[in-house]
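Asker: Return a 3D structure for these sequence lines:
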Amino acid sequence: MAISFQNQDIDFKLKHKTKIKSWIKKVIESQKKKKGEINFVFTNDEELLDINTKFLQHSTYTDIITFDSCEGKVINGDIIISVERVAENAKKFKVSFETELHRVMIHGVLHLLGYKDKSKKEAAEMRLMEDWALRKF
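Answerer: Residues are numbered from 1 along each chain as shown. Here you go, the predicted structure:
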């Protein structure tokens, strides 16, 4: 069971891989779940837009798409992140690139853990969980 990091159509180097893996594992275990296979794919806006259109029928840019393949308490999935969108949002929200990247990464993990963000109430709970998890990094 592993957490892996890959690049697709982008030159990107993730910092602190070992620390990130440990952090994600702690967050998963705090929710009484087990880490399975979690694959992070870092890509660009156009590639993520193509995936968003093809698989979700959304023709909008986004920073992350999470594909859930969890089985019971075992957390499995693919989390695809646009590095370009993360950089843009970091500037917009006046935070460092790494802080925004970590927020987006844990956002995907939280989706795998069952958290949603479609309603205002769900989005508020998701933000609280993101903030909680970021403090654990």
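Asker: gap between the lowest-mean-pLDDT helix or strand in the chain and the chain center?
Answerer: Every helix and strand of the chain was ranked by mean pLDDT, DSSP states H and E. The lowest is helix 45-56, at a mean of 93. Distance of helix 45-56 from its chain centroid, counting by CA atoms, centre = their mean, to the nearest Å, is 16 Å.
Asker: next helix or strand past it?
Answerer: Sequence-wise, the next helix or strand downstream of helix 45-56 (DSSP states H and E) is strand 64-68.
Asker: Tell me where this structure has strands.
Answerer: Assigned by DSSP state E, the strands in the chain fall at 3-7, 34-43, 64-68, 74-82.
Asker: average pLDDT across the last one?
Answerer: What that stands for is strand 74-82. In this model, strand 74-82 has a mean pLDDT of 98.
Asker: Check the second one too.
Answerer: In this model, strand 34-43 carries a mean pLDDT of 98.
Asker: Paired strands for it, with orientation please.
Answerer: Each strand paired with strand 34-43, and its direction, by DSSP bridges: strand 3-7 (parallel), strand 74-82 (parallel).
Asker: between the strands of the chain, which gets nearest to Glu122?
Answerer: Among those, the nearest to Glu122 by CB to CB is strand 64-68 (14.3 Å). The way it works is simple: take the backbone N, C-alpha and C, and place the C-beta from them, glycine included.
Asker: Name the residues that touch that closest one?
Answerer: Residues outside strand 64-68 that contact it (CB atoms under 8 Å, 6 or more residues apart in numbering) are 48, 51-52, 55-56, 76-82, 104, 107-108, 111-112.
Asker: now with 10 Å?
Answerer: With CB atoms under 10 Å, 6 or more residues apart in numbering as the test, strand 64-68 has contacts from 38-41, 43, 48, 51-52, 55-56, 58, 75-82, 85-86, 103-105, 107-114.
Asker: between the strands paired with strand 34-43, which gets nearest to Met126?
Answerer: With CB to CB, the closest approach to Met126 among the strands paired with strand 34-43 belongs to strand 74-82: 14.5 Å.
Asker: Same list (the strands of the chain) but as TSV, adding distance to Ser119 and mean neighbour count.
Answerer: Formatted as TSV, the strands of the chain follow (distance: least, CB to CB, whole Å; neighbours: other CB atoms under 10 Å):
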stretch	distance to Ser119	mean neighbour count
strand 3-7	29	16
strand 34-43	26	20
strand 64-68	17	17
strand 74-82	22	21
